[in-house]
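[1] I need the structure of the sequence given here:
(one chain, ligands or ions: 1)
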Amino acid sequence: MSGKEKEVTETSEAEIAVHWAEEDFIYPPASFIAQANVTDPSVYDRFSLENFPNCFKEYADLLTWYEYWHTTLDTSDAPCWKWFVGGKINASYNCIDRHLAKNKNKTAIHFVSEVETEKIEHITYQELYVRVNEFAAILRDFCGLKAGDTVTLHMPMVAELPITMLACARLGIIHSQVFGGFSGKACADRIVDSGSHVLITMDAYYRSGQLIDHKEKADTAVAEVAKENQKVDKVLVWQRYPGKYSAQTPMVEGRDFFVNELLKKYYGTRIDPVPMPAEAVLFLMYTSGTTGKPKGAQHSTGGYLAYVAGTSKYVQDIHPEDVYWCMADIGWITGHSYIVYGPLAICASTVIYEGVPTYPDPGRPWRIAQDLDVNIFHTAPTAIRALRKLGPDEPAKYNYHFKHMTTVGEPIEPAVWKWYYHAVGKGEAAICDTWWQTENGGFLCSTMPAIKAMKPGSAGPGVPGIHPIVYDNDGNVVPDGSGKAGNICIQNPWPGSFQTIWRDRDRYVSQYYEKYCKDPNSKRWQDWPYLTGDAAVVAADGYARILGRIDDVINVSGHRLGTKELESAAMTVAEVAEAAVVPVKHEIKGVEPDMYIALKPGISASEELAKKISQAIVTEIGAIARPRNVWIVPDMPKTRSGKIMRRVLGAISNNTDVGDVMTLANPEIVVEITKMVQGK
Ligand code: WT7
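    Numbering: from 1, shown residues only. I've put the predicted structure just below:
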């Protein structure tokens, strides 16, 4: 076994994945096909490997360029790919200004408050233009920010979030939005890594009926950043209710500023969009990996925008007259690509919902869909499972009609898929199971909705221009239809892909390309297959079934968490000697983390200590990372060389066969832990 392979975790999601039976095809409704953007199967020929990379001109041409590019793909710095080189473009201009001539009165954003009695806000393209310009003036003239600077956003799901992002993009400022549910500490780590000196936040937001103090997290973040000898100079605070402060935490004189007050000075200001090179960085999106430190996926302006515009039009089938709702959070890549940049680039109306899908009851999404006449709906299996469990018959009570639905973020069980199709979609919608990652910018595998039949439980083939390949651990190709799982890779680069890990090119190369690189000195893209880190089985028809992560990542409710991050959070508790986390199957969340702890000598286990460890994880990372349980065990199962056997812990947590444990240094502990966890 090579050193590289040893990195692969012993209890991966792929290992606990259920191998669902192969399902029959379901064909898209004729009514969908009749209106679809792409109905001609020749799209796959246009985007074949023979036509690579020039095929992606089709996506670049959906955008408006200040200067047209001269080179489609520059591979001279492989594997850091450059797309549309020579081009000059502005993302804010493409998402707003260019739509004004024909569509200024059209709704760009429908903002739906979690509070159902509050009026839905309809922001036209003209209003978006005004608000983005005025906020850009604050960034430039009050904060002194310019193209190439980074800014951290820690905002909830409100219209001010895309306004802030688009204002940054207007000036070429690199935004780094941190998921609002992350803790102040997690936000601080990302501020430090990105090198931001300005933090943009909101005072409060609604979650499950509570108006939560969010400004509090900014104070924690700034204090934590100071410990790393970095300074946040300014904290800009949007108000959930303009003119009223909804947080308890006091504002810090000279550091914290209410956006609403600053705006008064900039009413009517217009800021020219800055023409940026296609390769300029548009934003950073932090994601978890195999080491404890989150990595900033660095996304480009031209390539990224072209890819999300193209896939929004072709895969999600968004037409200008559609009302499109993606229920993800903008704090994740799905929200960046498919709530903000993709839909706005093609002049759609996009819905932003502040709160929890099942609040105040599981009929809520269907009322929103009915009232706004939403016809494209995009969500994750975890939300579908929760809505199905709490309100299986709710969708039928409301008068809405989806033509297209998407699922993203984790594998979806065929039974859940079928409820989504029949109950939510009323059998009228085409479903796209879209498989991709933070690093990718946009979809990798999915059916093309009017061309390919759906297969519950399978994402589908590569979307046009994406050419997947499955390798075994030794680098042999696992052929389609072999029934064998392997590591799914992509043979070719594509415009939406991240450029590198922010300030860490070595990690970019080693984590995503080294394993199957055919020649590290090569400048040919053919020699650099991209390793996704997922295991998959590809059927003879080319449809991929994704089994989950093969590395030290746990995908909880579609949120990627690094096991090392969770373990080091637990280790911040002084009494903890060792921590090991494993994924365990969960009815709604897909998987959730189960935390095993061994204490330092002389310290005894208690309920309070377990709570303290759980709380430490919430403080360090956020509530989404809260473990199912903290098991304080007398000792960890270990190999003779002293390695913790996560495979054994994973089997115990999942009630599966622990296999042969006789070679362990302490086999008797397995019986003891099993008794503790399974009660037998
Ligand atoms: C990981 C990426 C960008 C999407 C949001 C999550 C898993 C994602 C699917 C799907 C099965 C999926 C993979 C992937 N995943 N979509 N349709 N079917 N698994 O982005 O946080 O970067 O997580 O999510 O394991 O590697 P992310």
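[2] any idea how far residue 267 is from the residue lying closest to residue 243 once chain neighbours are set aside?
    Spatial nearest neighbour of residue 243, chain neighbours left out: residue 260 (6.0 Å); criterion: CB to CB, 6 or more residues apart in numbering. Quick note: C-beta positions are derived from backbone N, CA and C, even for glycine. From residue 260 over to residue 267 the distance is 11 Å, taken as CB to CB, to the nearest Å.
[3] More neighbours: the two, which one.
    Set side by side, residue 260 and residue 267 show more neighbours around residue 260, with 15 against 9, by other CB atoms under 10 Å.
[4] Next up, phi/psi of the more buried one, please.
    Residue 260 adopts backbone torsions of phi -60, psi -30, taken as degrees, to the nearest 10.
[5] quick one: it and residue 240 touch, right?
    No. If you go by CB atoms under 8 Å, residue 260 and residue 240 don't touch, sitting 10.9 Å apart.
[6] What separation is there between the closest residue to residue 590 other than its chain neighbours and the ligand?
    In this structure, residue 590 finds its nearest non-sequential neighbour in residue 410, 4.6 Å apart by CB to CB, 6+ apart. Counting by CB to the nearest ligand atom, to the nearest Å, the separation of residue 410 from the ligand is 5 Å.
[7] Kindly report the same for residue 171.
    27 Å.
[8] Could you pull up phi and psi at that residue?
    Dihedral angles (degrees, to the nearest 10) for residue 171: phi -100, psi 0.
[9] who are the neighbours in contact with it?
    When contacts are counted by CB atoms under 8 Å, 6 or more residues apart in numbering, residue 171 touches 136, 139, 140, 145, 146, 147, 271, 274.
[10] By neighbour count, which of those residues wins?
    residue 136 (28 neighbours).
[11] Give the rounded mean pLDDT of the helix or strand hosting that residue.
    Following DSSP states H and E, one finds residue 136 within helix 125-137. For helix 125-137, the mean per-residue pLDDT is 98.
[12] Please list the residues outside that helix that contact it.
    With CB under 8 Å, 6+ apart, helix 125-137 has contacts from 92, 96-97, 99-100, 103-106, 108-109, 123, 163-164, 166-168, 170-171, 259, 263, 266-271, 347.
[13] Next, count neighbours for whichever residue of the stretch 1-150 of the chain sits closest to the ligand.
    Of all residues in the stretch 1-150 of the chain, the one sitting closest to the ligand is residue 13 (7.0 Å; CB to the nearest ligand atom). Counted with other CB under 10 Å, the neighbours of residue 13 add up to 25.
[14] Could you pull up phi and psi at it?
    phi -60, psi -40.
[15] ok, it touching residue 549?
    Yes. Counting by CB under 8 Å, residue 549 is a contact partner of residue 13 at 4.6 Å.
[16] shared neighbours of the two, which are they?
    In contact with both residue 13 and residue 549: residue 555, using CB under 8 Å, 6+ apart.
[17] if we look at stretch 607-620, which residues are touching it?
    183, 185-186, 565-566, 568-570, 572-573, 575-576, 595, 597, 599, 603, 625-627, 629-630, 632.
[18] Give me the buried positions along that stretch.
    Across stretch 607-620, burial judged by 16 or more other CB atoms under 10 Å covers 609, 610, 612, 613, 614, 616, 617, 618, 619, 620.
[19] Which secondary structure state is assigned to the third one?
    With DSSP: H, G, I helix; E, B strand; the rest coil as the basis, residue 612 sits in helix.
[20] Residue 252 too?
    Residue 252 ends up coil, using three-state DSSP.
[21] where's it relative to residue 93, distance?
    For residue 252 relative to residue 93 (CB to CB), the value is 35 Å.
[22] Also residue 363?
    Residue 363 is 40 Å from residue 93, by CB to CB.
[23] Model confidence at the nearest residue to residue 139 once chain neighbours are set aside, what's the number?
    In this structure, residue 139 finds its nearest non-sequential neighbour in residue 145, 4.8 Å apart by CB to CB, 6+ apart. Predicted confidence (pLDDT) for residue 145: 98.
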